[in-house]
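S.K.: give me the fold of what follows.
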Amino acid sequence: MCGIAGFWQYGARTATVRDLVRMGERQAHRGPDDRGHLYVSDGGPRFFVREDEAPPGVFPEVGLAHRRLTILDLSERGRQPMADSSGRAWIVYNGEVYNFREIRRNLEARGRVFSTATDTEVVLAAYLEWGEECLARLDGMFAFAIWDSRERRLFLARDRLGVKPLCYAHAEGRAFAFASEAKALLALDWVDGGLDPRGIDSFLTFLWIPDPGSGWLGVKRLPPGHLLVLDAGGRVETRRWWNPLPRPRRTPSDPQAAEEVREALERSVKDELVSDVPLGSFLSGGVDSTAILAFMKRAGVERPATYSIGFAPEDLAFDIVPDDLPYARRVAAHFGSDHREIVLSPDVADLLPKLVWHMDDPVADPAAISSYLVCRAAKERSTVLLSGMGGDEVYAGYPRHLANRLAEGFLRIPRAIRAGLIRPAARLLPPAGRGALARAGRNARKFLRSAEAPFEERYLGFGTYFDRAERYALYEPSFAREVGEHDPYALHRSFLAESAGLDPVDRMVHLDLMTFLPFLNLHYTDRTSMAASVEVRVPFLGHEVVEHALSLPPDQKLRRTARKFVLKKALEGVVPEFVLRRPKAGFGAPIRSWLVGPLRGVVEDLASEASVRRRGLFRPQAVRRVVDDLYAHRADNALKVWQFLTLELWLRAFSDRRGEPT
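M.R.: All right, here's what the predicted structure looks like:
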């Protein structure tokens, strides 16, 4: 993986070469293996071998910067920015294209000559050969920018599902800039780093902000499966080049579908093993991560390095977090992996500000802590890690998928019984606190909040944290006016409209692939792995795997109450039976215990009346009520309080310091 950045000052020139250097420095963690190489054009190319040789007072038209994490072709020939042999086009590229050797052979047959063993050079040559049509040929995860000096246009693209990030800023009539991470854009004085009220409204709704929005008025994110073209007149065009709508329906038998799933996933894992540096895998002992390990072994990796995380017993007083370690040990012993365990007992109060800075946008999923710590530990032995992420989105494996199916049955119960018996019974369960009963109470209340709504509102409700009434009860009047009539669900509704008429399972999968997967899971995975200078690959999101799954009937994903039905059938005989029987276990962190323990003082500080009033966003008494209800066990407000912590730390990092590293 790498960090890319650049700008085109097609109008007024206000950024210098030194500003380009600063953009690269903000992303140094993404590429610690090579630095100091810039492409600067002012009517002709100029190449600085070292960043510290960049002269002051130079205002170039075009600048490209790159930070390299070496994975393929570790030689200096793989350095970026990279040009084609004619010097016409230059690329900065972040990612891996796993079928690059096949594409290279095709291009060589057409007369193209290559001087490196990198996929970077292949991507550039593919663009020069086929233009934007090259994207459909690329199998992998990528975000890149190509400056075409002959056509005088800048071409940006992002992979199908948004595994790799790409942000941009545009001052119309003046300049355009892009980067892997938004903090690099904020190094430019002309980028508007003001708070976007609509972004904050979305964050409170979901725990994250949907693309193309961000937390800043002046920063956008190129959505997954999109390309962007900027021409010499300053015109920006963005369009989608891939869409994961269900493919033409097929009805294979269960055994045939299982065999096809097994073959597609095995090929995807094998393809993603290409690397010139050591690689390993996450191992939770669940279905998805065990499948990755099993196929690594089948591909000939003799003793894969595997990594599991667990929690100290004292951290589990208020959270029932599945204990992965016993399962992971059994799986590691079964496959003979070189296994390591990381028991998470971090100093959370010290770690949170660092992670919030790395995340760029405010993201309030505590799984980011677990992801970062396991990547940091793995870095000692493995630069590349394979992950089972994506299996739940592709094959309908989340609890909310099952909750929707259960809601369909719930609605068949007479209304009088629902209102007079079931809802009162649920209210007898504790809403928060310790133990299994409290967990059942939390889940029952969340289910009943949305269960009786129509399908679309129900599914959106299952992913909502502060609803509209709760958000506007928080807002100071002036901030509420800035938010206005913003609809945080607008993008979600557009995707639901695309899938109208399809089975609810297909619609849920499509929506998750378009929103929840890239905007939350892939976002925090990229930022936390890059914070540790580790590349994470996701074989379940290989486009052959995804497109095959999209062609299957919904009943082969969610059959009655059996989630990931076809995947588990495909893995019979591949992974141990005890893994297939294991209850669903999520990936997270024991935040309820942390909030009542080591983070209590931090909560009192960041959510204090003085801190809240200083920001002018929320009513202090409304924030206090949410916090007090958590500590009095009147409501399960742990994630809501986590949002307050995340937002205040984010404001300190990006409003107070404009993203400057501490």
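S.K.: now stretch 323-341: mean pLDDT?
M.R.: Confidence for stretch 323-341, expressed as mean pLDDT, is 92.
S.K.: also stretch 597-608?
M.R.: On average, stretch 597-608 scores 88.
S.K.: flag every buried residue along that stretch.
M.R.: Going by neighbour count (16 or more other Cβ atoms under 10 Å), the buried part of stretch 597-608 is 598, 599, 602, 603, 606, 607, 608. Backbone N, C-alpha and C define where each C-beta goes, glycine included.
S.K.: out of those, who's nearest residue 170?
M.R.: Proximity of the buried residues of stretch 597-608 to residue 170 was ranked by Cβ to Cβ; the top entry is residue 606 with 33.3 Å.
S.K.: not counting sequence-adjacent ones, nearest residue to the closest one?
M.R.: Nearest non-adjacent residue to residue 606, counting by Cβ to Cβ, 6 or more residues apart in numbering: residue 648, 4.2 Å away.
S.K.: phi first, then psi, for the one you found.
M.R.: When read as degrees, to the nearest 10, the backbone of residue 648 gives phi -60, psi -40.
S.K.: now it: how far from residue 655?
M.R.: The gap separating residue 648 from residue 655 is 10 Å, by Cβ to Cβ, to the nearest Å.
S.K.: what about the two, which has more around it?
M.R.: Of the pair residue 648 and residue 655, residue 648 is the one with more neighbours under other Cβ atoms under 10 Å, namely 24 against 15.
S.K.: isn't that one right next to residue 607, touching?
M.R.: Yes. Shown here, residue 648 and residue 607 form a contact pair, counting by Cβ atoms under 8 Å, at 7.5 Å.
S.K.: helix, strand, or coil at residue 464?
M.R.: Judged by DSSP: H, G, I helix; E, B strand; the rest coil, the three-state class of residue 464 is coil.
S.K.: grab the nearest non-local neighbour of it.
M.R.: That would be residue 205: by Cβ to Cβ, 6+ apart, it lies 5.9 Å from residue 464.
S.K.: what is the host helix or strand of that neighbour packed up against?
M.R.: Following DSSP states H and E, one finds residue 205 within helix 197-206. The contact analysis (3 or more Cβ pairs under 8 Å, 6 or more residues apart in numbering; DSSP states H and E) places helix 197-206 against helix 468-474, helix 477-483, helix 638-654.
S.K.: what's downstream of it, the next helix or strand?
M.R.: Next along from helix 197-206, by DSSP H and E: strand 220-221.
S.K.: what residues does that next one touch?
M.R.: Contact with strand 220-221 is made by 165, 166, 167, 168, 169, 170, 182, 211, 212, 213, 214, as judged by Cβ atoms under 8 Å, 6 or more residues apart in numbering.
S.K.: out of those, which one sits closest to residue 314?
M.R.: Taking the contacts of strand 220-221 together and measuring to residue 314 by Cβ to Cβ, the closest member is residue 165, at 35.8 Å.
S.K.: so who does that closest one touch?
M.R.: By Cβ under 8 Å, 6+ apart, the residues touching residue 165 are 143, 158, 180, 181, 221, 523, 526, 527.
S.K.: quick one, what contacts the second one?
M.R.: Residues in contact with residue 158, defined by Cβ under 8 Å, 6+ apart, are 142, 143, 164, 165, 166, 222, 223, 224, 225, 226, 227.
S.K.: any idea how far the most far-flung residue of the chain relative to its centre lies from residue 138?
M.R.: Distance from the centre of the chain peaks at residue 416, with 42.9 Å (Cα atoms, centre = their mean). According to Cβ to Cβ, residue 416 and residue 138 sit 57 Å apart.
S.K.: helix or strand for residue 66, which one?
M.R.: Element membership of residue 66 [criterion: DSSP H and E] is strand 62-68.
S.K.: redo the contacts of residue 158 as a markdown table? Include distance to residue 355, pLDDT and secondary structure.
M.R.: Output for these, formatted as a markdown table (distance: Cβ to Cβ, whole Å; pLDDT from 0 to 100; DSSP: H, G, I helix; E, B strand; the rest coil):
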| residue | distance to residue 355 | pLDDT | secondary structure |
| --- | --- | --- | --- |
| 142 | 25 | 97 | strand |
| 143 | 22 | 98 | strand |
| 164 | 19 | 97 | coil |
| 165 | 16 | 97 | coil |
| 166 | 21 | 98 | coil |
| 222 | 24 | 98 | coil |
| 223 | 24 | 98 | coil |
| 224 | 23 | 97 | coil |
| 225 | 27 | 97 | coil |
| 226 | 27 | 98 | strand |
| 227 | 31 | 98 | strand |
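S.K.: could you dump the residues you listed into a markdown table and include distance to residue 309?
M.R.: Shown next, in a markdown table, are the contacts of residue 158 (distance: Cβ to Cβ, whole Å):
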| residue | distance to residue 309 |
| --- | --- |
| 142 | 28 |
| 143 | 28 |
| 164 | 24 |
| 165 | 24 |
| 166 | 29 |
| 222 | 32 |
| 223 | 31 |
| 224 | 27 |
| 225 | 31 |
| 226 | 33 |
| 227 | 37 |
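S.K.: closest to residue 627 among those residues?
M.R.: Using Cβ to Cβ, residue 165 comes nearest to residue 627 of these, at 32.3 Å.
S.K.: before we move on, back to that, can you select the buried ones among the contacts of strand 220-221 for me in ChimeraX?
M.R.: This is how ChimeraX selects the buried members of those, with burial counted by 16+ other Cβ under 10 Å:
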select :165,166,167,168,169,170,182,211,213,214
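S.K.: quick check: the farthest pair among the contacts of strand 220-221?
M.R.: The widest separation within the contacts of strand 220-221 (Cβ to Cβ) is 17.2 Å, between 165 and 170.
S.K.: what residues does stretch 459-472 touch?
M.R.: 201, 204-207, 400, 403-404, 446-447, 449-450, 453, 474, 480, 483, 489, 492, 504, 507-508, 511, 516, 639-640, 643.
S.K.: which residues in the stretch 151-300 of the chain form strands?
M.R.: With strands called from DSSP state E, counting those that start in this stretch, the stretch 151-300 of the chain shows them at 153-158, 167-171, 175-179, 220-221, 226-231, 236-240, 279-282.
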